[in-house]
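Novice: Build me a model from this:
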Amino acid sequence: MDFFQDLKNFFQKFPGIGPRQAGRFIYSLVDFSESDRKKMGEMLLDLNKHLRRCENCFRIFTTSPPEVVVCSFCAESSNRDKSKIMVVEKDSDLFNFEKTNSFKGLYFVLGGLFDPLGENKNPSERINILKNKIEKGEVILALPSNKLGDFTSEYIKKTLASSQISITRLGRGISYGVELEYADENTLKHAFTNRK
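Specialist: Numbering: from 1, shown residues only. Okay, here's the model as predicted:
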């Protein structure tokens, strides 16, 4: 058994972490004090006591008290607009949008993008949950502007097509400050299509 390689393989399960970064984590951990490594291990073991996914929207939230199963956004006492649901790929997208202070509705975290050939079953399962969850209102698709993001958006539109739901997407186009000569053809096409 190669402990270093096994630990490296474990770190590579994190999104965006390749072999080089995984190795750096191990080199750094070796230099941590034993008490820091012990504390980190205890925190990882206690993860489920302090963090969980909301049963309604699947966002990560701090559980306090531990028996709470829905986040503060989805709680009955929340004053957020329950007629609007923004669908995002991952938690970091949600938190970035919250920083803008421009959306006061609910969120729905897919946990990835829909890829019929991929191993991640979260998106397709959660899209079915979304279909059963919403009967009317607006679903805002805030997914990446790439092939899988577009495919996922179309799949959601088809899945929700028979309902009385308004489906919108975030505007796409040229970023502020970008010269037209440097924009690629897809960006220009979306900028033109989404013009105001």
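
Novice: Low-confidence ranges, this protein, go.
Specialist: Flagging of the chain using pLDDT under 70 yields the residue ranges 1, 180, 195-196.

Novice: would you list every one of the helices in it?
Specialist: Along the chain, the stretches classed as helices by DSSP state H are 3-11, 19-31, 34-45, 47-50, 91-100, 122-133, 147-159, 185-193.

Novice: how much space between the residue nearest in space to the middle of the chain and residue 176?
Specialist: Centroid check for the chain by Cα atoms, centre = their mean gives residue 90 as the closest residue, at 0.7 Å. Distance, residue 90 to residue 176, using Cβ to Cβ, to the nearest Å: 24 Å. For every residue, glycine as well, the C-beta is placed using N, CA and C.

Novice: repeat for residue 69
Specialist: 40 Å.

Novice: Neighbour count for the two, which is higher?
Specialist: residue 69 (13 against 4; other Cβ atoms under 10 Å).

Novice: quick one: residue 54 from residue 30, how far?
Specialist: 37 Å.

Novice: okay, the two: which has more neighbours?
Specialist: residue 54 (22 against 9).

Novice: burial measure for the residue found closest to the more buried one once you drop the neighbours it is linked to in the chain, as a count.
Specialist: Excluding the flanking residues, the one nearest residue 54 by Cβ to Cβ, 6 or more residues apart in numbering is residue 71, at 4.0 Å. Number of residues near residue 71 (other Cβ under 10 Å) recorded here: 22.

Novice: same question, residue 41
Specialist: Neighbour tally, residue 41, other Cβ under 10 Å: 10.

Novice: Could you shift the numbering so residue one becomes 301, and keep it that way?
Specialist: Got it, first residue is 301 now, which makes that one residue 341.

Novice: picking that back up, pretty sure the residue nearest to residue 354 contacts residue 361?
Specialist: Yes - if you go by Cβ atoms under 8 Å, residue 371 and residue 361 touch, sitting 4.0 Å apart.
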